[in-house]
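>>> Quick one: sequence plus predicted model below, questions after.
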Amino acid sequence: MVAAVESYQFQTETKQLLRLVVHSLYTQKEIFLRELISNASDALDRLRFESLTNSNLMAPEHKLEIRLQPDKAARTLTIVDTGIGMSREELVANIGTIARSGTRELRERIQKSESPEAVTELIGQFGVGFYASFMVADKVTLVTRRAGEEMATKWESSGDGTYTLAEAAKAACGTEITLHLKAAEPDDGIEDYTDRWKLSSIVRRHSDLIAYPVIYEGPDDEPTVEPQKELKITSVVLNSMKPIWTRRQSEVSQDDYNAFYKHISQDWTPPMRVMSFKAEGIHEYEALLFVPAQAPYDLFYHASEPGLRLYAKRVVVLEKCPELLPQYLRFIRGVVDASDLPLNISRQSLQQDRHITQIRKWLTRKILDELSDLHTKEPEGYLKFWRQFGRVMKEGPGSDHDSREKILPLLLFESSHHPEEFTTLKSYVERMKPEQAEILYLTGESRKIIMNSPHLEAVQQKGYEVLYLSDPVDEMLVQQVFEFEGKRLKSINKGVLKLGSEEERAEAEESLKKRSEEYAGFLEALQKTLTAEVKQVRLSNRLVSFPACLVTEEHEYSPHLERMLQKGKGAGPKQRRIMEINPDHTIIKRLYERFHANHEDALISDSIELLFSLALLAEGSEIADPVRFNHIALGAVERTL
């Protein structure tokens, strides 16, 4: 007896929504298989759960599994699960959701939504992942039998506006979905989904950690041209079913961690450090993270795509999710598995940023705690980490204000305290002299240039330590961090330098004031000569053996930052600087004497131009007019010979 077939007409809204599902929501056609396997896994979970209270639903020998059965000749792919199955009513309610009363409401709400985020949230409320099948199939046939029932139901549609329902026979509970595949068109993103290796690749990429075996059941080899030769059918489990992050660390060997790290990072060097975290409570997350042994080549490349792999119940949601970590931790590799993550219909975009924000804060806190622990207990290990990732860690205080207090103690700097060792801000503060009120630093292209800077002379004479900031990112750091443990950060080539005790500072200021009054005419003449390059010439209290140096105002760019900006596009004009001269230096004394003898002495203007150029060279800057510099320098040499 042939079962009666009932035909149903999709509503107009349904046809439009189905077109949206097939053509708009998914960026990759192969996602259809991930959706169907995820649905099958949910069905197996439900059968296991319901059989706990109703043992009649599942026989002891019943196998919980998912099978992929391709047929190259018929151009079909059948996905079979031995899960809970569906009754006729459940089939209409679940698979037919898009064809029922919710359709008009969904469409109207989407039309009223103003933002793409709102549309994503609305459509995510409707379980239509099954309809992704129509991206790759001309027709879909579904046969399902509910556990505990004898009768099965067959659902069939070509996605053209109608679907049919009929009674069917099925030996056991579960669901079989047969896709009548479209012709393979790689240019259009449609591959040959009857190919064993293609199916295996998709399962490994998206569903490798599904808790149940996903079994390929099909030809062992390519079809033969000999019609009399029977194809050999093979059964192979395609997924590993082994989420390493769910196992206790004591049960996982370092070799296992190394192998998993290589798998997700394509880095063949074992990781420097393994971090395993688990959060329990209102929201549950698990994470397995790795610190690479070496900085990736694209760590500072603007087009790089960092990000952790994001899972939801062991199903890959995103291969790379950059939102899970702040940018300064972009070198971290690993996976995050969230059990209650809200997803949109395609599982490719997150509905609510709230959950991701919570995970991000949790991960950031955990990682910084691990690094702090490494810094405290394994200084040599932390130093290895710092040599690889220190520059990127310095981006943290300026971009992650919530974690600034955790990041600052982890930063290492070169300083005048030791020729090779690094120091922390905390160690610097502990070594500060009793009368010292500020953390002193100087920026430049390299340690060598900084060490030979004239700005260091008076500071080192007083025995003060100076941080040497030679990384380009240091310029950004000091623009964002103004103090540490109540001590203000102060650049020794900016503003007025105050050294010594209050009494010593007051005495030095008074002496400098008197000498400035004495040198007023001389300073004015020098300023007139250099008016295009400097905005003020003044006496200095920071020089000992050098005759002159250049400084900037407190609010202005440092020379190092100015040079970096000049190299970039759209850089502004060069800043006019302040030139400080050392009244105790022989050259300045001689020039002052010549000025008193003859205000119009040409040697004075030539000499001050020469000193200005030498001050530029001392800080690593370029001379604006090398030809004139050579002319003046050669003239000075000739006069001395």
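Perfect, I can see it now.
>>> Please, where are all the strands along the stretch 301-450 of the chain?
308-312, 315-321, 333-338, 413-415, 418-423, 438-443 (DSSP state E, counting those that start in this stretch).
>>> right, so of those, which gets closest to Arg46?
Closest to Arg46 of the strands of the stretch 301-450 of the chain is strand 315-321 (Cβ to Cβ; 16.0 Å). All C-beta atoms are positioned from the backbone trio N, CA, C, and that covers glycine.
>>> What strands flank the closest one, and is each parallel or antiparallel?
Partner strands for strand 315-321, per DSSP bridges, with pairing direction: strand 308-312 (antiparallel).
>>> For Gln294, find the nearest of the strands of the stretch 301-450 of the chain.
strand 333-338 (11.9 Å).
>>> Arg505 - nearest residue in space that isn't next to it in sequence?
Counting by Cβ to Cβ, 6 or more residues apart in numbering, Arg505 lies nearest to Lys498, which is 5.1 Å off, once chain neighbours are set aside.
>>> if we can go back for a sec, so for Leu634, which of the strands of the stretch 301-450 of the chain sits nearest?
Checking the strands of the stretch 301-450 of the chain against Leu634 by Cβ to Cβ gives strand 438-443 as the closest, at 32.1 Å.
>>> Quick one: low-confidence residue ranges for this structure.
1-3, 9-27, 96-129, 221-231, 342-353, 568-573, 638, 640-641 (pLDDT under 70).
>>> hmm, 50 instead?
Along the chain, the model assigns pLDDT under 50 to residues 1, 97-107, 109-110, 114-127, 344-348, 351.
>>> In it, which helix is the longest?
helix 353-377 (DSSP state H).
>>> packing partners for that helix?
Where contact means 3 or more Cβ pairs under 8 Å, 6 or more residues apart in numbering; DSSP states H and E, helix 353-377 is packed against strand 273-279, strand 285-291, strand 333-338, helix 379-393, helix 404-407.
>>> run the last query once more with 6 Å
Using 3 or more Cβ pairs under 6 Å, 6 or more residues apart in numbering; DSSP states H and E, the elements in contact with helix 353-377 are strand 273-279, helix 379-393.
>>> got the contact list for the longest one?
Contact partners of helix 379-393, identified using Cβ atoms under 6 Å, 6 or more residues apart in numbering, comprise 294-295, 328, 331, 374-375, 412, 471, 473.
>>> Can you give me the buried ones in it?
Across helix 379-393, burial judged by 16 or more other Cβ atoms under 10 Å covers 382, 384-386, 388-393.
>>> what sits up against the longest helix of the chain?
275, 277, 279, 285, 323-324, 341, 350, 381-382, 403, 406, 410.
>>> Counting neighbours, which of those residues comes out on top?
Top of the contacts of helix 353-377 by neighbour number is Leu324, holding 28 neighbours under the definition other Cβ atoms under 10 Å.
>>> Return the residues in contact with Ala293.
With the criterion set at Cβ under 6 Å, 6+ apart, Ala293 makes contact with 269, 272.
>>> just to revisit the earlier point, and the furthest pair within the contacts of helix 353-377?
Largest separation among the contacts of helix 353-377 by Cβ to Cβ: Leu350 and Gly381, giving 35.0 Å.
>>> Compare the helices and strands packed on helix 353-377 and report which one is nearest to Gln28.
Of all the helices and strands packed on helix 353-377, strand 273-279 sits nearest to Gln28, with 29.8 Å by Cβ to Cβ.
>>> so the closest one versus strand 285-291, what angle?
Angle, strand 273-279 to strand 285-291, by axes from the mean of the first three to the mean of the last three Cα atoms, to 10 degrees: 170 degrees.
>>> Which secondary structure elements does strand 273-279 sit against?
Looks like strand 273-279 contacts strand 285-291, helix 353-377 (3+ Cβ pairs under 6 Å, 6+ apart).
>>> buried stuff in the shortest one?
Of the residues in strand 285-291, those buried under the neighbour-count criterion (16+ other Cβ under 10 Å) are 285-291.
>>> Check those against Ala152 and report the nearest one.
After measuring the buried residues of strand 285-291 against Ala152 - Cβ to Cβ - the closest member comes out as Glu286, at 37.8 Å.
>>> distance of that closest one from Arg88?
In this view, Glu286 and Arg88 are 39 Å apart by Cβ to Cβ, to the nearest Å.
>>> again, but for Ser470
Computed as Cβ to Cβ, the Ser470 to Arg88 distance reads 74 Å.
>>> Check Pro583 too.
101 Å.
>>> Hmm, Ser501 is touching Glu435, no?
Yes: between Ser501 and Glu435 there is a contact at 4.5 Å, judged by Cβ atoms under 6 Å.
>>> re earlier: which of the buried residues of strand 285-291 sit farthest apart?
Greatest spacing in the buried residues of strand 285-291, by Cβ to Cβ: Tyr285 and Val291 (19.1 Å).
>>> Distance to Arg431 added to the helices and strands packed on helix 353-377, as TSV?
As requested, the helices and strands packed on helix 353-377 are exported to TSV (distance: least, Cβ to Cβ, whole Å):
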stretch	distance to Arg431
strand 273-279	30
helix 379-393	17
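>>> Quick one: closest of those to Asp606.
helix 379-393 (42.9 Å).
>>> Assess the claim that Tyr311 and Asp337 are in contact.
Yes: using Cβ under 6 Å, Tyr311 is in contact with Asp337, at 4.1 Å.
>>> mind listing what Leu77 touches?
For Leu77, the contacting residues are 70, 179, 193-194, by Cβ under 6 Å, 6+ apart.
>>> If we use 8 Å, what do you get?
Neighbouring residues of Leu77 by Cβ atoms under 8 Å, 6 or more residues apart in numbering: 68-71, 178-179, 181, 193-194, 199.
>>> ok, the helix or strand it falls within: who's next to it in the sheet?
Assigned by DSSP states H and E, Leu77 belongs to strand 76-81. Strand pairing for strand 76-81, determined by DSSP bridges: strand 66-71 (antiparallel), strand 174-181 (antiparallel).
>>> Buried residues, stretch 32-52. List them.
Taking 16+ other Cβ under 10 Å as the criterion, stretch 32-52 shows 32-41, 43-45, 47-48, 51 as buried.
>>> and of these, the nearest to Gly463?
Using Cβ to Cβ, Arg34 is the member of those that lies nearest Gly463, at 65.9 Å.
>>> for the closest residue to that closest one other than its chain neighbours, what are its contacts?
Leaving out its chain neighbours, the residue that sits closest to Arg34 by Cβ to Cβ, 6+ apart is His206, at 3.9 Å. By Cβ under 8 Å, 6+ apart, the contact list for His206 reads 30-31, 33-34, 37, 315-316.
>>> Mind putting those into JSON lines with distance to Leu489?
As requested, those are exported to JSON lines (distance: Cβ to Cβ, whole Å):
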{"residue": "Glu30", "distance to Leu489": "53"}
{"residue": "Ile31", "distance to Leu489": "51"}
{"residue": "Leu33", "distance to Leu489": "56"}
{"residue": "Arg34", "distance to Leu489": "51"}
{"residue": "Ile37", "distance to Leu489": "55"}
{"residue": "Val315", "distance to Leu489": "48"}
{"residue": "Val316", "distance to Leu489": "45"}
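>>> Pull the most distant pair out of the residues you listed.
Across those (Cβ to Cβ), the longest gap, 13.9 Å, separates Glu30 and Val315.
>>> which residues of the stretch 101-250 of the chain fall in strands?
137-145, 152-157, 162-168, 174-181, 214-219, 233-237.
>>> and of those strands, who's closest to Glu445?
With Cβ to Cβ as the measure, strand 214-219 is the member of those nearest Glu445 (56.3 Å).
>>> helices or strands next to the closest one in the packing?
If you count contacts as 3+ Cβ pairs under 8 Å, 6+ apart, strand 214-219 packs onto strand 66-71, helix 196-206, strand 233-237.
>>> which residues are contacting stretch 583-600?
515, 519, 521-522, 525, 539-540, 543, 545-548, 581-582, 601, 603-604, 607-608, 611.
>>> again, only this time at 10 Å
When contacts are defined by Cβ atoms under 10 Å, 6 or more residues apart in numbering, stretch 583-600 is touched by residues 512, 515-516, 518-519, 521-523, 525-526, 539-541, 543-548, 581-582, 601, 603-605, 607-608, 610-611.
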